[in-house]
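In: Below is the structure, and that's it, no one-letter string:
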């Protein structure tokens, strides 16, 4: 059986030669006006930082390929975060290689699939790659101009890595099976205490993650852009949320999704839209419920902008427009916890200090509600932690190209370390009383409240980047009323 050509499908017709010859002629030029992007200067500095971390070694960072959704359809491609951070290239099947140049530095080369224009049958035959199907693609030269890096045909990659011994190369694994296969995976060793140590490739993933902890000026602009779009998305949702009727969670999810696609690349993660007791399920993404007047609705949503930076914001709203006294009491506890966490954030503050600050306020609030057995100190003791029955998660996480950003960082640089200037992180305490929790008063059952904002660590404290959405109970009620009065708007 003849081998199937790249991009062809089993049901593609076998065209007669007369048609093929006809399709090969009569096409004019298709030019792009290209110039170096503003991001290129930043990606060059990022590559220099990686080069300095691994002198004399070859560093290989792939982005991966499209993933099959079903049969011959694919999920929308999303570039690998480390690869995008180092190159600015958002297309699939690319590989960045830092080749040692013998002068304690590296020559960066981006290997990409070349553009096949009208001089190739792929132009009109390939549903996956053909420009007649998917639109004009950049050539290798155009890509090089825009991204400010040398670009070569990805077909050269394997031959140009031949001769590089395993002990002199590091690969960001798990993105491209073909690239992974070029070098055998290493087995992790163990330290003096018997704990697994990072492999060479694992150390590359960790260093890339740690280099991304501090956001440069361009990244901060992108994050603010994603957050500002997210604020507008929340406004869109509030404007259609009825105070005396019911609306499906998925309608609210869809309205926010419209804003995310109109102004950004899409959603940074599946939207959580939890009406009533659904708010007590942390990762409620089924979104098949409906709002009910008198209940709360928790919405955890974020837009990923066109450069893949994402927001992560949560608001809990009173559907009727005003909190009941009990809802307000719980809401105020969560708000006080969040504010206390923000108040201690500054360069050098330990992650665990922020966590403990938020958790103490929540535990004290649980005690005030008559829920917490024993003392607050007993509940917070590391050998107890019984307060977590109703808090469930930590205070927050890093934010950037990934919603849970820099996750491969070594613990001493992240959750066992301290925050530094220009870190961006979420602060998102919450209280969740499950509908079937018999250890809490009946009137609390089914109540879930989380408030989440995205903050930048500044020289003296922190800046709330999502301050465009109010947090205090009175302000939330006023804002919701203003949005409803303004009425629905077209997402334009």
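Out: Noted; the coordinates are in hand. Quantities reported herein were computed from a predicted structural model and do not represent experimental measurements.

In: how about stretch 169-181: buried residues?
Out: Within stretch 169-181, the residues that qualify as buried by neighbour count (16 or more other Cβ atoms under 10 Å) are 169-173, 175-176, 179-180. Every residue, glycine included, has its C-beta placed from N, CA and C.

In: So which of the residues you listed sit within strands?
Out: Judged by DSSP state E, the buried residues of stretch 169-181 include 169-171 as members of strands.

In: Quickly name whichever of the buried residues of stretch 169-181 is closest to residue 204.
Out: residue 170 (4.1 Å; Cβ to Cβ).

In: Name the nearest residue to the closest one, sequence neighbours excluded.
Out: Setting aside the residues directly before and after it, residue 170 is nearest to residue 204 in space (Cβ to Cβ, 6 or more residues apart in numbering), at 4.1 Å.

In: residues in contact with the one you found?
Out: Contacts here follow Cβ atoms under 8 Å, 6 or more residues apart in numbering; on that basis residue 204 touches 54, 59, 170-172.

In: State the helix or strand in which it lies.
Out: Using DSSP states H and E, the element containing residue 204 is helix 200-211.

In: after that helix comes which helix or strand?
Out: That would be, after helix 200-211 and using DSSP H and E, helix 217-240.

In: helices or strands up against that following helix?
Out: helix 40-53, helix 249-263, strand 296-301, strand 303-304, strand 313-318, strand 453-457, helix 473-486 (3 or more Cβ pairs under 8 Å, 6 or more residues apart in numbering; DSSP states H and E).

In: now with 6 Å?
Out: helix 249-263, strand 303-304, helix 473-486 (3 or more Cβ pairs under 6 Å, 6 or more residues apart in numbering; DSSP states H and E).

In: Can I get those in JSON lines including distance to residue 433, mean neighbour count and mean pLDDT?
Out: Compiled in JSON lines, the helices and strands packed on helix 217-240 are given as follows (distance: least, Cβ to Cβ, whole Å; neighbours: other Cβ atoms under 10 Å; pLDDT from 0 to 100):
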{"stretch": "helix 249-263", "distance to residue 433": "20", "mean neighbour count": "19", "mean pLDDT": "98"}
{"stretch": "strand 303-304", "distance to residue 433": "30", "mean neighbour count": "27", "mean pLDDT": "98"}
{"stretch": "helix 473-486", "distance to residue 433": "18", "mean neighbour count": "16", "mean pLDDT": "98"}
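
In: out of the ones you listed, nearest to residue 363?
Out: Nearest of the helices and strands packed on helix 217-240 (Cβ to Cβ): helix 473-486, 20.5 Å.

In: got the contact list for residue 293?
Out: For residue 293, the contact set (Cβ atoms under 6 Å, 6 or more residues apart in numbering) comprises 244, 319-320.

In: Can you tell me how far it is from residue 235?
Out: 21 Å (Cβ to Cβ, to the nearest Å).

In: following the helix or strand hosting residue 123, which helix or strand comes up?
Out: Per DSSP H and E: residue 123 is located in helix 122-125. Next helix or strand after helix 122-125 toward the C-terminus (DSSP H and E): helix 131-134.

In: Could you list the buried residues of that next one?
Out: Those would be residue 131, for helix 131-134 by 16+ other Cβ under 10 Å.

In: Brilliant, that's me finished.
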